[in-house]
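*Asks:* Mind folding the following:
(one chain, ligands or ions: 1)
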Amino acid sequence: MSQTDTPVSSSETLGFQAEVKQLLHLMIHSLYSNKEIFLRELVSNASDACDKLRFEAIDHPELFQGDTDLRIRVEFDKDQRTITISDNGIGMTRDEAVDHLGTIARSGTREFFSKLTGDSQKDAQLIGQFGVGFYSAFIVAKKVSVLSRRAGVAETEAVMWESEGEGDFTVAPVEKADRGTSVTLYLRDGEDEFLNGWKLREVLRHYSDHISLPIQMQKEEWDAEKAEQVKKNEWETVNQASALWTRSKSDITDEQYKEFYKHIAHDYDDPLAWTHNRVEGRSEYTQLLYIPKHAPMDLWDRDGRRGVKLYVKRVFIMDDAEQLLPNYLRFVRGVIDTADLPLNVSREILQESRDVRVIREGSSKRILSLLEDLAENQPEQYAEFWTQFGQVLKEGAGEDAANKDRIAKLLRFASTHGDSAAQTVSFADYVGRMKEGQDKIYYVSGESYAAASNSPHLEIFRKKGLEVLVLSDRVDEWMLSYLRDFEGKALTSIAKGGLDLDQLADEDEKKHQAEIAETFKPLVERLKTALGERVKEVRVTGRLVDSPACVVVDQNELSPHLMRMLQAAGQAAPEVKPILEINPEHALIGRMQDAPEADFNEWALLLLDQAMLAEGGNLADPAAFVKRLNRLLLNAGA
Ligand SMILES: Nc1ncnc2c1ncn2[C@@H]1O[C@H](COP(=O)(O)OP(=O)(O)OP(=O)(O)O)[C@@H](O)[C@H]1O
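*Replies:* Presented below is the predicted three-dimensional model:
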């Protein structure tokens, strides 16, 4: 080997960030049954380091210093009981080693640690979602040494980072003849199975075959005299060493697709589905896109990591290329490799490029097709997808006008049909169950499933057996402002006034309603006087069965739920006065009519307040409500 590790000055001992200590502990205890993944993680880092160098060298070719054959090497030493993974990639300076190997800079770190339960089985699952990375070396190693020299810096400015994976690590300046990083693992007792060329090759082929760079090991030959494999002074490549996405689909096994996903997505779990296509013609690009099984920790983080890596003619250009997919598909992970962009493309150029627009449209369509296929042919998988990413996909109804109709078909909702909070009903299911004469898709919205599904507005729908979609995700109201109908059937809130159920009522019912309205006119007038400015209108309704009253707003006004959301977000929302609708058939309304004039005002206010509460609203003066309620209860008992 051409590298030395003679310290040229004293070393420094530094402490790990608290989370690193926790992660190390967790990893060693929970991933023990799958320990060979350390090799995948270290090879993956080596490959990323080479990609980074190749990218920096586009503008600074001198960084190569004549050595352009990027490769990864894996060696083992039976006597020392070590395994070394080395690369001639970008390398690290002292500060980079301290930052990258002593802390966890990833977004979502805090959420991750707050979710840990102490139950190692559950935590092992979580750690998979978090991605394990470099620290997985400590699953098999009692000590890890990282010798690294950043491309472009002097031989004397290399760094030696060492740790036993307890609370701290040391860094010392050293010399290193060539650029890149060597990670040496001093194996724990009992891990000798990895000190074997055959075993290492097997693990590499299994987990790292998709790596596009050559992974080399020393050739070995059987020595009959010694009766053992003897290493030769020659390197051989043990993987296919071609970028996976450039291979033809028929040459790639599912296992290879899955391993590649784990490499690029930093996920420990298999993906849910993927799509791999080469587009030729006016624009030329290859896409290999995956849908993960779990939502990443930073899905709702504005600065969260996006998942698509951009390559130009096989050269890695950037992670996180957010222009390649619309925001509502931010959960997709994968690679897009294009021949249409220059190697020195910047994020700014990406933003304006027509070619990028074409890729984005093409990729969105591919993902939507993949989802349609899942929904159609693997409904259980689709349900899994929906639980994890449904809320994000709903954003698409507003964000992607061109694909709005396709997205609408992919949406799933809770509904009164199944009376369950599970979002499993599509618009098509709903339309298929519509009653004769029904031309609208009805929905009710609220802060939670419980609040929405207990809304008094639902009573008449339940009575008539009309299905209503129950919407309670934060994004729903926003989505509804873009999605007004589905295949010509208007999406209609049942909490808005002017609900036209007439077409579904028979003649007798209509007559009955008209008579009642007439009979109760005087009561309505009294209520209007009593409530004054508090309400926009008071009227008799046929939509209630069990409740005495409810509040509604006009069709073109903001729903009370949306208004509360706007207020909670600190936005100015116009004041909307409610319309109070009363159920003349309710016993309480009968009681009111007979109440002495002095009590009538109290009853009126109580009726309005309880209708507001039932609908999920807040009362301006809750204490007054309680006092009034108690007084009337006492009177009733008297
Ligand atoms: N061989 C290497 N060459 C250069 N830098 C490296 C190498 N290995 C690790 N690093 C640096 O250390 C950082 C931390 O590595 P680590 O594997 O823990 O996390 P990651 O690769 O960013 O993400 P993940 O944990 O999901 O794999 C890397 O992002 C990189 O900057």
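*Asks:* What backbone torsions are found at the closest residue to the ligand within the stretch 251-400 of the chain?
*Replies:* With C-beta to the nearest ligand atom, the shortest gap between the stretch 251-400 of the chain and the ligand falls at His266, namely 3.0 Å. (Each C-beta comes from the backbone N, C-alpha and C, glycine too.) Main-chain dihedrals, His266, degrees, to the nearest 10: phi 50, psi 40.
*Asks:* Student question: in the protein, what's the helix or strand with minimum average pLDDT?
*Replies:* Lowest by mean pLDDT, DSSP states H and E among the helices and strands of the chain is helix 120-130, with a mean of 69.
*Asks:* how many neighbours does Ile85 have?
*Replies:* 23 (other C-beta atoms under 10 Å).
*Asks:* and the spatially closest residue to it that is not a sequence neighbour, how many neighbours?
*Replies:* Nearest-residue entry for Ile85: Leu42, 4.5 Å, with adjacent residues in sequence omitted and distances by C-beta to C-beta, 6 or more residues apart in numbering. Here the neighbour count serves as a burial measure; for Leu42 (other C-beta under 10 Å) it reads 26.
*Asks:* Equivalent analysis for Tyr32, please.
*Replies:* As a burial measure, the neighbour count of Tyr32 was computed by other C-beta under 10 Å and equals 12.
*Asks:* Identify the residue nearest it in space, chain neighbours excluded?
*Replies:* If you skip the residues right next to it in sequence, Tyr32 has Ile139 as its closest partner in space, 6.5 Å away by C-beta to C-beta, 6+ apart.
*Asks:* how far away is that neighbour from the ligand?
*Replies:* Taking C-beta to the nearest ligand atom, to the nearest Å as the criterion, Ile139 is separated from the ligand by 13 Å.
*Asks:* Return the residues in contact with the residue in the chain that the ligand sits nearest to.
*Replies:* Residue of the chain nearest the ligand, by C-beta to the nearest ligand atom: Gly133 (2.2 Å). Gly133 makes contact with 41, 45, 266, according to C-beta atoms under 8 Å, 6 or more residues apart in numbering.
*Asks:* interface residues of the protein facing the ligand?
*Replies:* For the chain, the residues found near the ligand under the criterion C-beta under 6 Å from any ligand atom are 41, 45-46, 49, 87, 89-92, 100-101, 131, 133-135, 181, 266.
*Asks:* ok, now with 5 Å
*Replies:* When proximity is defined by C-beta under 5 Å from any ligand atom, the chain lies next to the ligand at 45-46, 49, 92, 100, 131, 133-134, 181, 266.
*Asks:* so Leu310, which of the three states?
*Replies:* With DSSP: H, G, I helix; E, B strand; the rest coil as the basis, the three-state label of Leu310 is strand.
*Asks:* Now it. Nearest residue, chain neighbours left out?
*Replies:* In this structure, Leu310 finds its nearest non-sequential neighbour in Ala321, 4.1 Å apart by C-beta to C-beta, 6+ apart.
*Asks:* if we can go back for a sec, give me the sheet partners of the helix or strand following the least confident helix or strand of the chain and which way each runs.
*Replies:* On the C-terminal side of helix 120-130, the nearest following helix or strand under DSSP states H and E is strand 141-149. Here strand 141-149 is paired, per DSSP bridges, with strand 158-163 (antiparallel), strand 180-187 (antiparallel).
*Asks:* picking that back up, pretty sure the residue nearest to Ile85 belongs to a strand, no?
*Replies:* No. Per three-state DSSP, Leu42 lies outside any strand segment and is helix.
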